[in-house]
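*Asks:* Sequence and computational prediction follow.
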Amino acid sequence: MARSPVARILTILGCLDATFLISTIISFIVMMGIEDDGVGTAIGVFVGVWVLKITTVMVILPIRLRPLAQWFTNPKASNDPHVIVEVAAAAYRAPFTISIIWAVLEALNFIVPTLVLYLGYADSVPLGQRSLEAAVLAGLSLLLNYLPLWFPISEWLMAPLVENVSLAAHKHGVAIRGRGLTFRARLVAFALTAALGPISYMAACMYMGDAQAEQRDLGRRAEYAVLEASLGRETAARAENGWVFTFDDRANIIGSDAQRVLADNSRLARMFRKVATEVPTGTAIHPREGVVAFRTEGERKIGVVIARGQSVSAGTTVLILVFLVAIGIWAPLCALAIARATAVPVSRVSEALALVGQGEVSEAPIVAVFHQDEVGSLAHNYNTMLAQLRLLAQRTIEVSKGALDVEFEATGDLGDAFRAQVTSLRDVVGHIAQSAAQLAGAASEMYAAAQEQEAAAQQQSVGVEEVSRTMESLLVAATHVTESTMGVLTRAERTRETTSRTADRITELSVHANRIAEILDVIREIADRSDLLALNASLEGTRAGEAGRGFALVAAEMRKLAERVTASVSDIKKLVSDVRSSVSATVLSTEESSRLAEGTTESARQINLVTQQQRSGTEQAGQSMRDVASMITQSLAATQQVRSLAEDLKAQADNLNTLVARFRLPSRRPETKA
């Protein structure tokens, strides 16, 4: 608690209250008419009660303000929303709590010492019954005076703490519940306490002054009565309900009635004995029990006792009550009038600010300036702020509609922020417009390139289809060549078989020779066609590029094979002519024919093998061309998709240009060269 700011505030208030203790004691002594030894007793009692009061305050208030003290001594608690709500409630109640407790205790600090002195120190500090009533009025005055004094002082001392709590609540988004006193209620309460406080003290002084005046008047009447009694006339004493008595040098009273009266008023009797032993003639007055006046004339000592306490005239009491009631009505009425004149403009500004806080700037009204004071300055500043907010809202609406050439003349952070935002938006829109134009151009070029690529892909697709058809034709031709080669091989084998019978069938040799010639013509024709097909295949392989290189090699081998076949056919024809020309050498030629038949068979086998290889290569080349055709088809589909995307991109670029065209940028001023 020692490190808590609450303890520091209470210490300051305690020191401030100590300065008021002096004035309280002086006012009590003067009001009650205390003199001589009673002054020290009264001071001692007041100081003791004040210490008790401060002790009570230092015990009660820390308990009431404990959440606030714990919040400042525990930094971790400042992040808990529930703790912030509790601390905020304690902080906002603190000035009211402090002022109420202190004011009540201050009133008791006047009433309690009066009771203590009245009951416990009746001899040294004689107080009458009217003193209690005056003390109550004075305590009420202190209560009413301390409220308007301690409340603003407490608010001033608590301001840093309340500010800290309020900022913490705002930081964590905590809503502070509850509602404090309105401005009107504060002004009425202040006016009422400020008016009734001094009036109550004045009433207490007037009440006590009237009581003391009555008491002094009673003393004078007692002195007059004792003077009359010394002359032998006791009429004045009886008129005051007094009793005449005589006494000796030791102040022993002679007279049964007076003895009875003084026996009933022992404090008055003790005061009389004390005074009578000190002076020969005087007056002993006890505010509560009455007056004793005595005179010494030679040996004769005579006195008059009037057993009557302090009294206050009915007129004074009625006057005080009427005055208090009048002030109690007049002060609130005046305060209400002043509060209305002041609170109405403030309420209007508050209601207008509530609309502004809700974002209803256009609905917020202009507030009239009724007074050229702080409230009028508040209304004027609100109107200025509202004008700037409306202008800002108007400029913002214009910007939302695309007008980026607007200007906002307001100064300060708000104007700078708006201008910076508009400038940034201008730059962004300018870059977007430039990028949109570039994007549109790029999209157009991309679209054109996609169209060209699509056309080229279509042409390639047509060419590949032609090559594929050619390869299919070549495959068919290769199949025929294979079939023909198989026939040649078969015939060659038959020739070799018949060669063994050649000797026996010399007569049939001419026929067979003619048959062989025909076959040779067929073979030659096949070789010629194979040569032509190989040439065409080589050309198509060359046109196919890298994929047709293998096919071209096969075609070259086919040409070589065809040339060899042609040469073989020429040799066979020469042999046939030899057979025709030399039948006689048939036997010898038969052996040679057998060898040639074997060569023909081998050649046929080679032709068959080559033609099979040619067929396999042709099939592979056809498959490759089909793969190429598939790839070209896929490329064509991808090109068409790219063209579609380019077309969509161009449409988006056109839309972006249309959107950017909605914004109105400021015209660029030509830069002046220095």
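*Replies:* Thanks, I have it. Not measured: the values here are computed from a predicted model. Residues are numbered from 1 along each chain as shown.

*Asks:* what helix or strand does the most centrally placed residue in the chain sit in?
*Replies:* Per Cα atoms, centre = their mean, the C-alpha nearest to the average position across the chain is that of Gly173, at 7.3 Å. Secondary structure here is read from DSSP states H and E; on that basis Gly173 sits in neither a helix nor a strand.

*Asks:* Need the phi and psi values for it.
*Replies:* Dihedral angles of Gly173 (phi, psi; degrees, to the nearest 10) stand at phi 70, psi 30.

*Asks:* Tell me the confidence at it?
*Replies:* You'll see Gly173 listed with a pLDDT of 74.

*Asks:* Ok, His170 next?
*Replies:* Residue-level pLDDT assigned to His170 equals 76.

*Asks:* For it, pull up the helix or strand it's in.
*Replies:* With the criterion set as DSSP H and E, the secondary-structure element containing His170 is helix 129-171.

*Asks:* immediately after that helix, which helix or strand?
*Replies:* The C-terminal neighbour of helix 129-171 among helices and strands, as given by DSSP H and E, is helix 183-230.

*Asks:* Quick one: work out the angle between that following helix and helix 129-171.
*Replies:* Taking axes from the mean of the first three to the mean of the last three Cα atoms, to 10 degrees, helix 183-230 and helix 129-171 form an angle of 170 degrees between their directions.

*Asks:* and after helix 183-230, which helix or strand comes next?
*Replies:* Taking DSSP H and E as the definition, the helix or strand that follows helix 183-230 towards the C-terminus is helix 235-239.

*Asks:* which of the residues in that following helix are buried?
*Replies:* Of all the residues in helix 235-239, those buried under the rule 16 or more other Cβ atoms under 10 Å are Ala236, Ala237. Where you see a C-beta, it was placed from the backbone N, CA and C, and this is true even at glycine.

*Asks:* how about the CA coordinates for that helix, as PDB?
*Replies:* What follows is helix 235-239 as a C-alpha-only set of coordinates in PDB (Å, rounded to 0.1, in the frame of the first residue of the first chain):
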ATOM      1  CA  THR A 235     -39.000  41.600  44.300                       C
ATOM      2  CA  ALA A 236     -36.600  41.600  41.400                       C
ATOM      3  CA  ALA A 237     -35.200  38.200  42.500                       C
ATOM      4  CA  ARG A 238     -38.600  36.700  42.700                       C
ATOM      5  CA  ALA A 239     -39.600  38.100  39.400                       C
END
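
*Asks:* Centre of the chain to that helix, how far?
*Replies:* For helix 235-239, the gap between its own C-alpha mean and the chain's C-alpha mean amounts to 90 Å (Cα atoms, centre = their mean, to the nearest Å).

*Asks:* helices or strands up against that helix?
*Replies:* In terms of contacts (3 or more Cβ pairs under 8 Å, 6 or more residues apart in numbering; DSSP states H and E), helix 235-239 is packed against helix 183-230.

*Asks:* For the helix it packs on, give the mean pLDDT please.
*Replies:* Mean pLDDT, taken over the full extent of helix 183-230, equals 82.

*Asks:* cool, stretch 595-611 as well?
*Replies:* In this model, stretch 595-611 carries a mean pLDDT of 70.

*Asks:* Then stretch 383-392?
*Replies:* Along stretch 383-392, the predicted local confidence has a mean pLDDT of 74.

*Asks:* can you give me how far stretch 281-294 is from the chain middle?
*Replies:* Computed by Cα atoms, centre = their mean, the chain-centroid distance of stretch 281-294 equals 80 Å.

*Asks:* Please list the residues outside that stretch that contact it.
*Replies:* Taking Cβ atoms under 8 Å, 6 or more residues apart in numbering as the criterion, the residues outside stretch 281-294 that touch it are 122, 126-131, 211, 215, 218-219, 222-223, 225-226, 247, 262, 265, 267-268, 271-272, 274-276, 295-296, 301-310.

*Asks:* Also stretch 62-70?
*Replies:* Residues from elsewhere that reach stretch 62-70 (Cβ under 8 Å, 6+ apart): 1, 4-7, 10, 77, 83, 86-87, 89-91, 94, 97, 101, 161, 165.

*Asks:* among those residues, which are in strands?
*Replies:* Among the contacts of stretch 62-70, no residue falls in strands (DSSP state E).

*Asks:* In the stretch 51-200 of the chain, where is pLDDT below threshold?
*Replies:* Residues of the stretch 51-200 of the chain that meet the criterion pLDDT under 70 lie in 74-79, 176-181, 183.
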